[in-house]
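Participant: here is the input, now give the coordinates:
(one chain, ligands or ions: 2)
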Amino acid sequence: MAQAKKDSFAAELLINKEWCKGCGVCIAFCPKEALFLDENSKAKKDPEKCSACGICETFCPDFAISLVKRRLSVNAGK
Ligand code: SF4
Ligand code: SF4
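Facilitator: Ligands and ions are numbered 1, 2, ... in the order given. A predicted model of the protein is given here:
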């Protein structure tokens, strides 16, 4: 008998440093205070604080942030 599969997702936030102009919009909107500007004035994420809500991706005017969801297939049951 085939085992049922349950899908779950892992989310990862990617910041394109080439496209980021350091405007700070993402920092202003992040509800977890998980973003800051690094020494090169590029947005950087604190992975301990980020909840992968995607708000920064929505508001970045330069499309420099991508929330990537990866499907993890997990065998349910035994
Ligand atoms: S909103 Fe976009 S361009 Fe502005 S600092 Fe954040 S990642 Fe960079
Ligand atoms: S995904 Fe949400 S919590 Fe994470 S850095 Fe962006 S706005 Fe903040």
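Participant: in three-state terms, label Cys53 for me.
Facilitator: Look at Cys53: counting by DSSP: H, G, I helix; E, B strand; the rest coil, its state is coil.
Participant: burial count for the closest residue in space to it that isn't next to it in sequence?
Facilitator: Spatial nearest neighbour of Cys53, excluding adjacent residues (Cβ to Cβ, 6 or more residues apart in numbering): Pro31 at 6.8 Å. C-beta coordinates here come from the backbone N, C-alpha and C atoms, glycine included. As a burial measure, Pro31 scores 10 neighbours (other Cβ atoms under 10 Å).
Participant: how close does the residue most central in space within the chain get to Lys6?
Facilitator: Centroid-nearest residue in the chain: Leu13, 2.3 Å away (criterion: Cα atoms, centre = their mean). The gap separating Leu13 from Lys6 is 24 Å, by Cβ to Cβ, to the nearest Å.
Participant: what pLDDT does the residue lying closest to Pro61 once chain neighbours are set aside get?
Facilitator: Nearest-residue entry for Pro61: Val25, 6.3 Å, with adjacent residues in sequence omitted and distances by Cβ to Cβ, 6+ apart. Confidence at Val25, expressed as pLDDT, is 98.
Participant: just the strands from the chain, written as ranges.
Facilitator: 5-15, 35-37, 43-45, 65-75 (DSSP state E).
Participant: deepest in the core, which of those is it.
Facilitator: Comparing the strands of the chain by mean neighbour count (mean count of other Cβ atoms under 10 Å), strand 43-45 ranks first with a mean of 21.
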